[in-house]
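A.B. asks: Provided below are the primary sequence and the corresponding predicted coordinates.
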Amino acid sequence: MGSKEEIFARIKAHGVDQVERPEMTFTPLTFPEPLVQFEKILKAVGANYVLLEKGQDVNEAIRKAYPEAKTIASNLPEVTCATVNPDKLDDPRELNGTDVGVIRGEFGVLENGMVWINQHTRYKALFFIAEALVVLLDRNELVNNMHEAYARPDFDDYGYGCFIAGPSKTADIEQALVIGAHGARGVTVILQHPPL
Amino acid sequence: MKLVTNYYIMKIGLFIPCYINAIYPNVGVASYKLLKSLGLDVDYPLDQTCCGQPMANGGFQKDSAKLAERMERLFEKYDYVVGPSASCVVFVKEHYPTLLHKEEHACISSRIFEICEFLHDVVKVEKLNARFPHKVSIHNSCHGERLLHLSSPSELVIPRYSKLKDLLSLVKDVEVFEPKRVDECCGFGGMFAVEEAATSVCMGQDKVHDHMSTGAEYITGADSSCLMHMEGIIRREKLPIKTIHVAEILSNGL
Amino acid sequence: MSSHAKAAKKFIADRERTAWHDQALYFVREKRDKMAHDVSEWEELREMASRMKRHTISNLAYYLDMFERNATANGIHVHWAKDAEEHNRIVYEIIQKHGGKNLVKSKSMLSEECGLTPYLKARGVDAVESDLGERIMQLMGMPPSHIVLPAIHVRREEVGKVFEKELHTEPGNSDPTYLTHAARAALREKFLHADIAMTGVNFAVASSGAFVVCTNEGNADMGTSFPKVHIAIMGLEKVIPDYGALSLYIRLLARSATGQPSTTYTSHYKKPVEGQEMHVVIVDNGRSDILACTEHVNMLKCIRCGSCINTCPVYRRTGGYSYSYFIPGPVGINLGMLKSPEKYSGNVSACSLCYSCSNVCPVKIDLAEQIYKWRQNLAPLHLAAPSKKFMEKGMKFVMEHPGLFYPAIKAGRIAEKMPRFVLYNSLDAWGIGRELPQFAEETFNAMWKKGKMK
């Protein structure tokens, strides 16, 4: 008997009474003014919030947010200020030292400031290794809470995906909050109008 | 259930736990006076000892069964059992059905109340003639709060309430405070107090100091056991604060 | 004295440090309260999360099997380990197959439970902890003292000293930002040169065959970004039915654990990228036996947020190392007893039955109630301290006989001491820091008898 069979036999032997899957009996948090809440919660988790006007160029906003940046890595066609297309690199380690990574977010979550990133780059290292991360997000793609987030019909369509809420942080030394543990030291979420 | 009907006055059996009987009889007296002043029929069944909680919390619940049987016999004839100790009351309420192997309705569990709970929820007092011109800090004891629901636990996302505060608001000239850590355990915990003496004392010292920082002259609460533990610390360290059971405040000057 | 009481006494001897430790953890508890109060449906959320776990536990084989099937279809290799030894062997075999030497891992209490790091070290594999707190503890050569905040008991000066020696930071510099960034730089090299990545698993989603890892630092994701092999290890209770269930736990976990609305990174691993191998090791190691303990089966609901530890007034004042099991606090007392009552019964005394843990638990585990039950079971297991048993027996005998109770009080009063039956040989213990209660001139019973109360 293999270990799986042994474990399953034990589970079966100790079987506990069947309990039905519970139904949701409450109304989860919603936010009447999504953009106001999103700005507030992004600040709370340490991220910057930029709301683009119609017609405003995203490259301008990136440059404005990170004027010192020398290397900007992105595979997004509209990010013309990119200096590196990370998909063309042979090894993700080459991304070490990147100043800014620019990626697309699928949707944002109002209750906690998370943005869902579905890996559409060759290397996911980009999301974590860049000193700063810029996430481009459609301003209409905001959900209230995690229930709505996971209920999106296309949610399961990923190989690797990550909710990112602000910059990398730690409080492991005396509970003192330090930004920039291993991942990005800064996160800027740029909200755009949907493409026409 | 109405307390007083035209024909019949509800009989209340006063439950005076062992350590109150021996160390704080004044709390028993205060409870008696308080209930009497509200026109209630109060009796004390003689020769009560202990409800069995200390043994059970220490890990010897089975040994409490005989004590539970004694309690059950002593309080058989009363409509309500009322006691000035949240911890003991909740022990009887929650564990006697198991100890006595009886369904809840057949045992005193369904008729027993802590005195503040009784005044607040059953008698629903709106007026007291007590006066206590002092600053007091409320001690929200763990069993009173988290098991008997005398106040809202700080951990839960529920509307805030405090039955002790409500009752104290009926007392003239008393100023009521609460410590910063509003319901942190004082570290008594029955046998815990001696089994884990160093931790118990440390928790007690922290708690007394938290009460002191409110500027109160008295720590008051519904559990004499917590008060006894803190009093031990206060006396040892000669701290400028005293303990008083809430029943003594509610009955002060009656 | 119990093993915990002994260790606690030592810890508390340094009152200044105790107060600091207590306050650091209470601060986390307060952050948790604030987060919980921002979610008006919090209590209903807890209730549903608790029931969802109960549902999962009652269908454990069904969901585990579903997870395995879907994960396998996604290209993940699924392994089963019945105990710690098998877990370690499986992990090592995967490493060996790839000729791995440098493993970088994110935090996993399961690896701690299985003793994986020393096992690998003995076989020439260097497993580097990448979570800052875990790395601090690894460099100090000590185990974590908390399941979420591994180095919560360590002061910044101590971190500074260890980093000075190991990472060559400036002597005397103990600024948390400076030290964190020094660790960032040093670990960046480890990430780039690792050949095996290891992570724990917070949730395994059966319906999708995906697993979720939550971190604030991004160390799990950074770790899995370069090596060709990713090994994820999980206790079998980590499986949940689907994304509907996951939404509950993601909402509760970080709010309860550290008082954040979410962790910074909530990573979902479903398919290995081209050229990479992904393994999941599902470990039992005693978990399935918990199903047989009706009174303690709720422990399988635990999502390891640590909130019961943070709120525990005993833990806060005694530190993680005062517990003999590797998980401290209420959760550790219970899990330790489920592991081995003989080994870990010395922690059962570390509870004043304040019930705060049961109230903070995001999946509503009856933690304090279970500790109470363990105490009832110590005597039948012959694990109760003999002195305590003796004291209890004497007390019980006297209480059952009022004819003895009242005279005993009288005797006690004359001696100006607690009667021996109440505290017996514990007078000394009570006397640590506390004056003994004084007996009244007359018991209430006597007053009533004399008709003083009419």
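C.D. replies: Nice, I can see it. Numbering: from 1, shown residues only, chains lettered A, B, ... in the order given.

A.B. asks: Next one: the nearest residue to B:G28 once chain neighbours are set aside relative to B:H95, how far apart?
C.D. replies: Distances taken as C-beta to C-beta, 6 or more residues apart in numbering or on different chains put C:F444 closest to B:G28, at 3.7 Å, once the chain neighbours are dropped. All C-beta spots, glycine's among them, are computed from the backbone N, C-alpha and C. To B:H95, C:F444 is 24 Å away according to C-beta to C-beta, to the nearest Å.

A.B. asks: The two: which has the busier surroundings?
C.D. replies: When C:F444 and B:H95 are compared for neighbours, C:F444 comes out ahead with 27 against 21, by other C-beta atoms under 10 Å in any protein chain shown.

A.B. asks: tell me the contacts of that one?
C.D. replies: C:F444 is in contact with B:I16, B:I20, B:N21, B:P25, B:G28, B:V29, B:Y44, counting by C-beta atoms under 8 Å, 6 or more residues apart in numbering or on different chains.

A.B. asks: Provide the secondary structure category for the fifth one.
C.D. replies: Recorded secondary structure, B:G28: helix (DSSP: H, G, I helix; E, B strand; the rest coil).

A.B. asks: now A:Y160: how far from chain B?
C.D. replies: A:Y160 is 35 Å from chain B, where distance means C-beta to the nearest C-beta, to the nearest Å.

A.B. asks: Settle this for me: that residue is touching C:Y265, isn't it.
C.D. replies: No: checked against C-beta atoms under 8 Å, the pair A:Y160 and C:Y265 is beyond contact range at 11.8 Å.

A.B. asks: Now do stretch C:292-299: everything it contacts.
C.D. replies: So stretch C:292-299 is contacted by A:13-14, A:16, C:54, C:57, C:290-291, C:331, C:334-335, C:337-338, C:365-366, C:370, C:373 (C-beta under 8 Å, 6+ apart).

A.B. asks: which of those residues has the weakest pLDDT?
C.D. replies: Note: of those, the lowest pLDDT belongs to A:V16, at 86.

A.B. asks: is it fair to say that one lies in a strand?
C.D. replies: No: applying three-state DSSP, one finds A:V16 to be coil, outside a strand.

A.B. asks: excluding its backbone neighbours, what's nearest it?
C.D. replies: The spatial neighbour of A:V16 that comes closest, neighbours along the chain excluded (C-beta to C-beta, 6+ apart), is C:S58 at 5.1 Å.

A.B. asks: And B:N140, by the same measure?
C.D. replies: Distances taken as C-beta to C-beta, 6+ apart place B:D183 nearest to B:N140, at 4.3 Å, with adjacent residues excluded.

A.B. asks: for C:E164, same thing?
C.D. replies: Distances taken as C-beta to C-beta, 6+ apart place C:P171 nearest to C:E164, at 5.5 Å, with adjacent residues excluded.

A.B. asks: The one you found - how many residues pack around it?
C.D. replies: 9.

A.B. asks: Doesn't it lie inside a helix?
C.D. replies: No: per three-state DSSP, C:P171 lies outside any helix segment and is coil.

A.B. asks: Could you pull up phi and psi at it?
C.D. replies: Per-residue torsions, C:P171: phi -60, psi 140 (degrees, to the nearest 10).

A.B. asks: ok, it to chain A distance?
C.D. replies: 17 Å.

A.B. asks: What does the pLDDT read for the residue in the stretch 151-300 of chain C that chain B sits nearest to?
C.D. replies: Residue of the stretch 151-300 of chain C nearest chain B, by C-beta to the nearest C-beta: C:S256 (10.3 Å). For C:S256, the pLDDT comes out at 98.

A.B. asks: Quick check: C:H181 touching A:G180?
C.D. replies: Yes: counting by C-beta under 8 Å, C:H181 touches A:G180, with 6.6 Å between them.

A.B. asks: what's around C:E166, how many residues?
C.D. replies: 16.

A.B. asks: for A:L95, same thing?
C.D. replies: 22.

A.B. asks: which residues does it contact?
C.D. replies: A:L95 sits next to A:A73, A:V84, A:P86, A:L89, A:G101, A:Y123, A:A125, A:L126, A:I129, A:A130 when contact means C-beta under 8 Å, 6+ apart.

A.B. asks: so which of these are also by chain C?
C.D. replies: For chain C, the contacts drawn from the contacts of A:L95 by C-beta under 8 Å from any C-beta of the partner chain are A:Y123, A:A125, A:I129.

A.B. asks: residue in the stretch 1-150 of chain B nearest to chain A?
C.D. replies: B:T98 (20.6 Å).

A.B. asks: In three-state terms, how would that residue be classified?
C.D. replies: Here B:T98 is recorded as helix under three-state DSSP.

A.B. asks: Next one: it from chain C, what distance?
C.D. replies: Applying C-beta to the nearest C-beta to B:T98 and chain C gives a distance of 10 Å.

A.B. asks: and the residue lying closest to B:M228 once chain neighbours are set aside, what does it touch?
C.D. replies: Using C-beta to C-beta, 6+ apart and skipping residues adjacent in sequence, the residue nearest B:M228 is C:P437, 5.3 Å away. Residues near C:P437 by C-beta under 8 Å, 6+ apart: B:Y19, B:I23, B:M228, B:E231, B:G232, C:M418.

A.B. asks: ok so C:P437 is a helix residue?
C.D. replies: No: going by three-state DSSP, the assignment for C:P437 is coil, not a helix.

A.B. asks: Out of the contacts of C:P437, give me the two with the largest separation.
C.D. replies: Greatest spatial distance in these: B:E231 and C:M418, 13.4 Å, computed using C-beta to C-beta.

A.B. asks: Look up phi and psi at A:E33.
C.D. replies: Dihedral pair for A:E33: phi -120, psi 90, per degrees, to the nearest 10.
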